[in-house]
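>>> Have a look at this prediction, sequence included:
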Amino acid sequence: MTSATTPRTVLITGGNRGIGYAIAEEFVAQGHRVAVTSRTGEGGPAGALTVKGDVTDTASIDAAFSEVESEFGPVEVVVANAGITRDMLLMRMGEDDFTSVVDTNLTGAFRVVKRASKGMLKARFGRIVLISSVVGLYGGPGQANYSASKAALVGFARSISRELGARGITANVVAPGFIETDMTAELPEAQQAEYKKSIPAGRYGSASEVAKVVAWISSDDAAYITGAVVPVDGGLGMGH
């Protein structure tokens with residue numbers, strides 16, 4: 001751990017796999033007190049406390065926070081990462097396909113951040129990081145629900161920044177592009193090659209590359225950055 005890093009209590013939702021798991025690993029490696037939520041209450045990385053938590057259920061999130069607080073003290077850094085997709089073309093998309101994605105990805109982030117803000121306001125310190133997607137501002141066919149939910153996180157973070165900025169609390173959005181995960185690995189090679197053509201960097205990103213950006217924007221060094229959208233997408237979105 002570098003001398004510039006103050007050990008913090010960190011909570012990551014959906015930290016049992018993919019990008020959330022990598023974010024948790026990075027915070028653990030930097031010497032923080034790390035907790036992750038998963039729906040089952042298991043599956044987080046070594047060195048992290050895994051608690052049961054469902055972002056679609058306010059009582060479940062309150063219980064998860066209470067468990068983390070009793071173990072580590074108030075949550076100082078919260079990473080709203082839990083998300084789902086239900087991709088399909090607009091004409092086939094049912095109302096439930098739309099609202100369930102919004103309820104998890106957007107309202108879920110609201111539930112988590114609202115609960116975290118209580119302790120942050122008392123401490124006059126906090127780091128709120130919302131995991132969005134390049135698709136949020138760039139758009140994606142068959143992803144009207146997902147894209148809408150991820151775009152909305154930007155307005156949410158910016159409003160929080162204006163409300164809470166004077167209390168030492170920052171709220172930022174990290175927007176990953178195509179990241180190497182189990183899901184991208186299953187795509188046919190021809191399709192993978194086609195996607196890569198649209199990425200100026202010419203490759204997919206790694207989950208650890210996203211994790212390092214999240215850890216940095218949560219650090220003491222990033223105290224004067226709030227309301228920002230930080231793309232980790234190899235240039236795919238180009239300011240979208």
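Nice, I can see it.

>>> how about low-confidence regions in the chain?
1-4, 183 (pLDDT under 70).

>>> on contacts alone, who are the packing partners of the longest strand seen in it?
Secondary structure of the chain per DSSP state E: the longest strand is strand 169-176. For strand 169-176, the packing partners by 3 or more C-beta pairs under 8 Å, 6 or more residues apart in numbering; DSSP states H and E come out as helix 108-123, strand 126-131, helix 134-138, helix 144-164, helix 207-217, strand 229-232. Any C-beta I mention is one placed from the backbone N, CA and C, and that applies to glycine too.

>>> and with 6 Å instead?
strand 126-131, helix 144-164, helix 207-217, strand 229-232 (3 or more C-beta pairs under 6 Å, 6 or more residues apart in numbering; DSSP states H and E).

>>> Next, the angle from it to strand 126-131.
20 degrees (axes from the mean of the first three to the mean of the last three C-alpha atoms, to 10 degrees).

>>> on that earlier part again, can you put the helices and strands packed on strand 169-176 in JSON lines and add distance to Leu90 and mean neighbour count?
What follows is these, written out as JSON lines (distance: least, C-beta to C-beta, whole Å; neighbours: other C-beta atoms under 10 Å):
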{"stretch": "strand 126-131", "distance to Leu90": "24", "mean neighbour count": "26"}
{"stretch": "helix 144-164", "distance to Leu90": "5", "mean neighbour count": "19"}
{"stretch": "helix 207-217", "distance to Leu90": "29", "mean neighbour count": "21"}
{"stretch": "strand 229-232", "distance to Leu90": "25", "mean neighbour count": "20"}
